[in-house]
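>>> no FASTA, just this:
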């Protein structure tokens, strides 16, 4: 019974964020789709209330396990516009490759910044050979001083 209550709470949270995002996009004229606005609201909720994450995960798991079924309408839409897609194939291909590279690059930079702030330094890999040698020397000196103290 408790599991069902947690699932319902998570589902209400997900659907509430979705409908709030849809309403905000429609009422304010935001240039973002309502579903994306809802996802951003859900992301903010999860950052503000970390205890909501297990509830959302419980509610989203069944949807994620059947994700391929959710793509059927998109595949049917592609087949309906196959002539236009074939005419603009190169432009679509370039756009897909470009946006994929851009999103991967931006995601990598954000992850690098987040990991650096979490660990208190900017990078694990030194920028050049001279810096690498200095870091190695500093580590050797530190290990030597720890050995002298009996660590």
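That came in fine, so what should we check first? Keep in mind it's a predicted model, so treat the numbers as computed, not measured.

>>> ranges for the helices of this protein?
Along the chain, counting by DSSP state H, helices occupy 2-28, 34-48, 53-65, 67-70, 72-80, 82-87, 89-119, 129-148.

>>> pick out the shakiest of those, pLDDT-wise.
For the helices of the chain, mean pLDDT drops lowest on helix 129-148, to a mean of 61.

>>> please name the residues that touch residue 58.
Going by C-beta atoms under 8 Å, 6 or more residues apart in numbering, residue 58 touches 3, 6, 7, 10. (Glycine included, C-beta is placed from N, CA and C.)

>>> what's the answer for residue 88, then?
Applying C-beta under 8 Å, 6+ apart, no residues qualify as near residue 88.

>>> can you do 10 Å?
81, 95 (C-beta atoms under 10 Å, 6 or more residues apart in numbering).

>>> and it, how far is that from residue 74?
17 Å (C-beta to C-beta, to the nearest Å).
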